[in-house]
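In: Sequence and predicted structure below; questions after.
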Amino acid sequence: QVQLVESGGGLVQAGGSLRLSCAASGGTFSSYAAAWFRQAPGKEREFVAAINWSGSSTYYADSVKGRFTISRDNAKNTVFLQMNSLKPEDTAVYYCGGRHGYPGAWGSQREYGYWGQGTQVTVSS
């Protein structure tokens, strides 16, 4: 059973940067695909970025392409989300998801069976 814990959220001005971390424990995380989703108040959870087990393949929502970068360090059982050029519309709770192997659809939250508790990101204008 994998446990995921996100960290790194906070308050930042528009145009600033944050780096989120998702630390995994309790399983062989190096064999898991991982993803970041976010949920703003009053909205449904949406896909942000995903990465395969080795880090060789990454996927992004159009809204964050060119600004966000997902990466992982399997030696540290951690997945990262580097967020640059942040906008007020990026304000949300960010969740890390994981699953063994390959999801059928990288951007579908139903494909990920393990979730963290979330970390708040607030971007002020």
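Out: Thanks, I have it.
In: In contact with the residue positioned nearest the centre of the chain, which residues?
Out: The centre of the chain sits closest to residue 36, judged by CA atoms, centre = their mean, with a distance of 2.2 Å. Contact partners of residue 36, counting by CB atoms under 8 Å, 6 or more residues apart in numbering, are 20, 22, 48-50, 70, 79, 81, 94-97. In this view, the C-beta of every residue, glycine as well, is placed from N, C-alpha and C.
In: What about those residues, which are in strands?
Out: 20, 22, 48-50, 70, 79, 81, 94-97 (DSSP state E).
In: tell me the strands in the protein, going along the chain?
Out: With DSSP E as the criterion, the chain has strands spanning 3-7, 10-13, 18-25, 32-39, 46-51, 58-60, 68-73, 78-83, 92-100, 114-115, 119-124.
In: Same list, those strands, but as a markdown table with mean pLDDT and distance to residue 107 please.
Out: Converted to a markdown table, those look like this (pLDDT from 0 to 100; distance: least, CB to CB, whole Å):
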| stretch | mean pLDDT | distance to residue 107 |
| --- | --- | --- |
| strand 3-7 | 97 | 18 |
| strand 10-13 | 98 | 25 |
| strand 18-25 | 96 | 17 |
| strand 32-39 | 97 | 8 |
| strand 46-51 | 98 | 4 |
| strand 58-60 | 97 | 7 |
| strand 68-73 | 98 | 12 |
| strand 78-83 | 98 | 15 |
| strand 92-100 | 96 | 11 |
| strand 114-115 | 96 | 15 |
| strand 119-124 | 98 | 19 |
